[in-house]
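**Student:** I would like to see how this sequence folds:
(one chain, ligands or ions: 2)
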Amino acid sequence: MTAFRTLDQADVKGKRVLVRLDLNVPTENGKVTDVTRIERAAPTINELIGKGAKVILLSHFGRPKGGPDPKYSLAPVAAAVAEVIGKPVAFASDCIGEPAERAAAAMQPGDVLCLENTRFYKEEEKNDPDFVDKLAALGDIWVNDAFSAAHRAHASTEGLGHKLPAYAGRSMQAELEALGKALEQPKRPVAAVVGGAKVSGKLDLLGNLLDKVDVLIIGGGMANTFLAAQGHPVGKSLCEPDLIPTANEILAKAKASGKQIVLPVDAVVAEKFAANAPSRVAALDEVGPTEMILDIGPRSIEHVVSELELIKTVLWNGPFGAFEIEPFDTGTVEIAEAAAELTAAGKLVTIAGGGDTVSALNHAGAADRFTYISTAGGAFLEMLEGKALPGVEILRAK
Ligand SMILES: Nc1ncnc2c1ncn2[C@@H]1O[C@H](COP(=O)(O)OP(=O)(O)OP(=O)(O)O)[C@@H](O)[C@H]1O
Ligand SMILES: O=C(O)[C@H](O)COP(=O)(O)O
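**Tutor:** Ligands and ions are numbered 1, 2, ... in the order given. As a prediction, the model looks like this:
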């Protein structure tokens, strides 16, 4: 891809290379539960090691509130990186300042160092120039291999590109090539499936997404705000009342433009967000005030599968339920299996992305049978929407 500077153009031997990865991986009790994003980053890390660079990894992890929080330390994730690449990865307890400088100064060519979560500084998300300078002081070259964070114009995802020679890593390059090709002229009708929990970040882009697709299938936590907008009770479910007007606008836009929005028609509800918590199937008007919608119900699953049988391409971000906890994985698992079977039969092109989405599709045993799996969720949706991604734009050859 000539429009972007890649590692082919970078002279990295003996240089300190700051590599922005997306190590925002799913974890449970401090253990990484899905290493897909790390495996996708491994070729870049290994290539840089092989070329004799000093490889300094940068990433955010979760959404800490702009200060250090042990819950969001990258230390266990750095250990998972070491396991995937089969080489030691040193860890610095800060991403700037003395701990980072000392660890970087001790590096030999071929060494790998992972710095602590960049979001332990509120300046990261503000793309603060002084913070960018502090990060830039640690490296000679910046490689952005975090396609899944490229929709964020943050210090480590965009700011560094103004200070250091900037190159796309191999995963960034592969994602841009694969998604560019897949989305250029998708087989129609096209459906987008949007679920998951990042309602405030993703609900407002569904309006633009409607322009690009024929059918919009909404599930997971995302659906609850729409159900509330339609007047259904949602009890203690994940819901963003502030976004009800936006949800209504999206529903009205779909009606006016003849686009179809598919929402759940029933739900699986529980009083507790816990494994094997007592649960029941509820009609939409029967969700009690102390209950939470944690999955779509059996009629909704049937409805979604019958929609998939009518379309030719599905673009999927976000699980249909809290799939990490049984039995609330049923909707996601059954729909993923149906999509994988339609793909194997040559009837459907399946493109899915997102940290938890990929983990859910792996859990369902369906990921290997999908047409393409991207590491990106929010970035994937913004690309579908037709938006320029700051972390990609900064890599364009000037
Ligand atoms: N009904 C629900 N209530 C609460 N949480 C839900 C519900 N449905 C799905 N989820 C949660 O959504 C989370 C995944 O959502 P998210 O939007 O982060 O997807 P993603 O694939 O990781 O995308 P990205 O890469 O943009 O983060 C999962 O942890 C899952 O438990
Ligand atoms: O998982 C993701 O989509 C990326 O890591 C971005 O995370 P964010 O939505 O917290 O910026």
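**Student:** what's around the closest residue to residue 376 other than its chain neighbours, how many residues?
**Tutor:** If you skip the residues right next to it in sequence, residue 376 has residue 148 as its closest partner in space, 3.7 Å away by Cβ to Cβ, 6 or more residues apart in numbering. Heads up, the C-betas are built off the backbone N, CA and C, glycines and all. Residues within reach of residue 148, counting by other Cβ atoms under 10 Å, total 27.
**Student:** hang on, isn't residue 148 packed against residue 373?
**Tutor:** No: no contact is recorded between residue 148 and residue 373 when judged using Cβ atoms under 8 Å, the distance being 11.6 Å.
**Student:** ok, back up a step: assumed the residue nearest to residue 376 was part of a helix.
**Tutor:** Yes: the assignment for residue 148 (DSSP: H, G, I helix; E, B strand; the rest coil) places it in a helix.
**Student:** Any buried residues in stretch 81-99, and which?
**Tutor:** Along stretch 81-99, these residues count as buried under the neighbour rule (16 or more other Cβ atoms under 10 Å): 81-82, 84-85, 89-96.
**Student:** Now find how far off-centre that stretch is within its chain.
**Tutor:** 22 Å (Cα atoms, centre = their mean, to the nearest Å).
**Student:** What pLDDT is listed against residue 183?
**Tutor:** At residue 183 the predicted local distance difference test score is 88.
**Student:** residue ranges with poor pLDDT in the protein?
**Tutor:** Where the chain drops to pLDDT under 70, the residues are 1-2, 398.
**Student:** Which positions in it make contact with ligand 1?
**Tutor:** The chain comes close to ligand 1 at residues 148, 195-198, 220-221, 238, 293-294, 317-319, 321-324, 354-357, 377-378, as judged by Cβ under 6 Å from any ligand atom.
**Student:** Filter the residues you listed down to the ones in helices?
**Tutor:** 220-221, 355-357, 378 (DSSP state H).
**Student:** Around residue 249, how many other residues sit close by?
**Tutor:** 15.
**Student:** That one: which element?
**Tutor:** For residue 249, the host element (DSSP states H and E) is helix 244-257.
**Student:** What residues sit buried inside that helix?
**Tutor:** Along helix 244-257, these residues count as buried under the neighbour rule (16+ other Cβ under 10 Å): 244, 246-247, 250-251, 253-254.
**Student:** tell me how far stretch 336-355 is from the chain's mean position?
**Tutor:** 18 Å.
**Student:** what sits in contact with each of residue 148 and residue 373?
**Tutor:** Applying Cβ atoms under 8 Å, 6 or more residues apart in numbering, one finds that residue 148 and residue 373 are jointly contacted by residue 353.
**Student:** interface residues of the chain facing ligand 2?
**Tutor:** Residues of the chain found near ligand 2, taking Cβ under 6 Å from any ligand atom as the criterion, are 22, 24, 63, 148-149, 152, 198, 201, 355, 377-378.
**Student:** how close does the residue lying closest to residue 137 once chain neighbours are set aside get to residue 23?
**Tutor:** Beyond its immediate neighbours in the sequence, the residue positioned closest to residue 137 (Cβ to Cβ, 6+ apart) is residue 101, lying 7.7 Å away. For residue 101, the distance to residue 23 equals 21 Å [Cβ to Cβ, to the nearest Å].
**Student:** Who has more neighbours out of those two?
**Tutor:** Regarding residue 101 and residue 23, a neighbour count based on other Cβ under 10 Å identifies residue 23 as having more, with 23 against 15.
**Student:** so how far is residue 84 from the more buried one?
**Tutor:** Taken as Cβ to Cβ, the spacing of residue 23 relative to residue 84 amounts to 11 Å.
**Student:** Find residues that contact each of these two.
**Tutor:** Both residue 23 and residue 84 are contacted by residue 38, under the criterion Cβ under 8 Å, 6+ apart.
**Student:** how far does stretch 117-129 stretch from start to finish?
**Tutor:** Looking at stretch 117-129, the gap from its leading to its trailing residue is 18 Å under the measure Cα to Cα, to the nearest Å.
**Student:** Walking through the stretch 1-150 of the chain, point out its strands one by one.
**Tutor:** Listed in chain order, the strands found in the stretch 1-150 of the chain under DSSP state E, counting those that start in this stretch are 16-20, 27-28, 31-32, 54-58, 90-92, 112-115, 141-144.
**Student:** Of the ones you listed, give the one that comes closest to residue 333.
**Tutor:** Taking Cβ to Cβ, strand 27-28 is the member of the strands of the stretch 1-150 of the chain nearest to residue 333, at 17.6 Å.
**Student:** Count the neighbours of residue 229 for me.
**Tutor:** 20.
**Student:** I'd like the distance between the nearest residue to it once chain neighbours are set aside and ligand 1.
**Tutor:** If you skip the residues right next to it in sequence, residue 229 has residue 247 as its closest partner in space, 4.0 Å away by Cβ to Cβ, 6+ apart. As judged by Cβ to the nearest ligand atom, to the nearest Å, residue 247 and ligand 1 stand 15 Å apart.
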